[in-house]
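1. coordinates only, sequence not included:
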């Protein structure tokens with residue numbers, strides 16, 4: 001096991017930079033062994049602090065009652081045994097608390113990570129209609145599925161130039177911009193999709209997904225409201241929205 005004592009000491013002495021402190025806290029959640037070292041550090045530091053006070057009291061007692069040396073020695077050993085038991089108990093409690101925090105964090109993924117997992121699993125490739133003739137839409141989808149995102153965006157844009165109301169081109173272009181991390185553009189296209197009276201329309205769900213992935217100030221509560229709308233109005237993405245809302 002790697003010894004992180006100097007690193008831990010630097011954190012609690014506030015000598016780390018903001019970035020280093022943030023990495024420390026992420027490591028505390030993600031690395032159980034590291035969390036145990038931190039727990040032991042906290043416990044040991046508190047015990048040493050209290051033991052120092054006790055040793056001073058014993059030293060003062062030695063000065064006052066130097067004749068009773070055997071009693072003093074016995075008292076010292078009793079005190080040390082108490083500190084050992086207390087340190088072990090404190091360490092066990094802190095380790096339990098941090099382990100519980102670690103396990104909870106591993107179950108409840110951060111919003112941004114949840115969105116990224118969905119994008120990589122459900123939007124990594126898009127269905128292509130098989131046919132004898134390959135039209136522009138299929139060409140754009142083939143480029144997308146081969147991670148040629150910029151090239152595919154040009155195809156979908158050209159389709160919209162000739163047919164500004166093309167629902168599929170807007171949807172796919174929004175997804176492309178989501179993959180390219182151009183979230184404002186993605187949101188703009190997904191918002192346009194809401195005007196289409198279709199039975200299956202992921203517009204609201206995709207807006208929530210985009211806000212989750214962007215994860216700026218205020219995005220999470222907006223995404224939550226959109227997911228609630230998906231569930232309440234039985235929109236596309238309802239099952240996934242319900243699962244995500246349970247974790248919030």
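-> Happy to help now that I have it. What you see is a predicted model; the values in this text were computed from it and never measured. Numbering: from 1, shown residues only.
2. in contact with residue 236, which residues?
-> Contacts for residue 236 were tallied using Cβ atoms under 8 Å, 6 or more residues apart in numbering; they are 200-202, 205, 230. Where you see a C-beta, it was placed from the backbone N, CA and C, and this is true even at glycine.
3. residue contacts, residue 155?
-> By Cβ under 8 Å, 6+ apart, residue 155 lies in contact with 136-137, 139-140, 143.
4. go again with 10 Å.
-> When the contact criterion is Cβ atoms under 10 Å, 6 or more residues apart in numbering, the partners of residue 155 are 136-144, 148, 169, 172-173, 176.
5. on that earlier part again, could the contacts of residue 236 be laid out in a markdown table, adding distance to residue 28, secondary structure and pLDDT?
-> A markdown table is the format used below for the contacts of residue 236 (distance: Cβ to Cβ, whole Å; DSSP: H, G, I helix; E, B strand; the rest coil; pLDDT from 0 to 100):
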| residue | distance to residue 28 | secondary structure | pLDDT |
| --- | --- | --- | --- |
| 200 | 44 | coil | 88 |
| 201 | 42 | coil | 94 |
| 202 | 37 | coil | 96 |
| 205 | 34 | helix | 98 |
| 230 | 34 | helix | 96 |
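6. so how far is residue 184 from the residue nearest in space to the middle of the chain?
-> Centrality entry for the chain: nearest residue to the mean C-alpha point is residue 110, 3.0 Å, by Cα atoms, centre = their mean. Separation of residue 110 from residue 184 (Cβ to Cβ, to the nearest Å): 22 Å.
7. quick one on the thing from earlier: ok, so of the contacts of residue 236, who is nearest residue 194?
-> Comparing the contacts of residue 236 against residue 194 with Cβ to Cβ places residue 201 closest, at 7.4 Å.
8. any idea how far residue 179 is from the closest one?
-> Relative to residue 179, and taking Cβ to Cβ, residue 201 is found at 20 Å.
9. which residue is the nearest non-sequential neighbour of residue 174?
-> The spatial neighbour of residue 174 that comes closest, neighbours along the chain excluded (Cβ to Cβ, 6 or more residues apart in numbering), is residue 189 at 3.4 Å.
10. does that neighbour touch residue 156 like I think?
-> Yes. Using Cβ atoms under 10 Å as the test, residue 189 is close enough to residue 156 to be in contact (9.4 Å).
11. who touches both of these two?
-> Residues touching both residue 189 and residue 156 (Cβ under 10 Å, 6+ apart): 169-177.
12. what about burial for the contacts of residue 155, which qualify?
-> Buried residues within the contacts of residue 155, counting neighbours by 16 or more other Cβ atoms under 10 Å: 137, 139-144, 169, 172-173, 176.
13. CSV for those, including pLDDT?
-> Formatted as CSV, these follow (pLDDT from 0 to 100):
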residue, pLDDT
137, 95
139, 94
140, 95
141, 96
142, 95
143, 96
144, 97
169, 96
172, 97
173, 98
176, 98
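14. out of the residues you listed, which sit inside helices?
-> Members of the buried ones among the contacts of residue 155 lying in helices (criterion: DSSP state H): 137, 139-144, 169, 172-173, 176.
15. will you turn these into TSV that also has distance to residue 209?
-> Output for these, formatted as TSV (distance: Cβ to Cβ, whole Å):
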residue	distance to residue 209
137	22
139	25
140	21
141	19
142	23
143	22
144	17
169	19
172	15
173	15
176	14
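16. what's the domain layout of this protein?
-> Following automatic domain parsing, the chain resolves into domains at 5-107, 113-247.
17. what is the end-to-end distance of the last one?
-> Distance across domain 113-247, first residue to last, is 13 Å (Cα to Cα, to the nearest Å).
18. before we move on, the earlier item: hey, which of the domains of the chain is tucked in deepest?
-> Comparing the domains of the chain by mean neighbour count (mean count of other Cβ atoms under 10 Å), domain 113-247 ranks first with a mean of 16.
19. I'm done for today, thanks for sticking with me.
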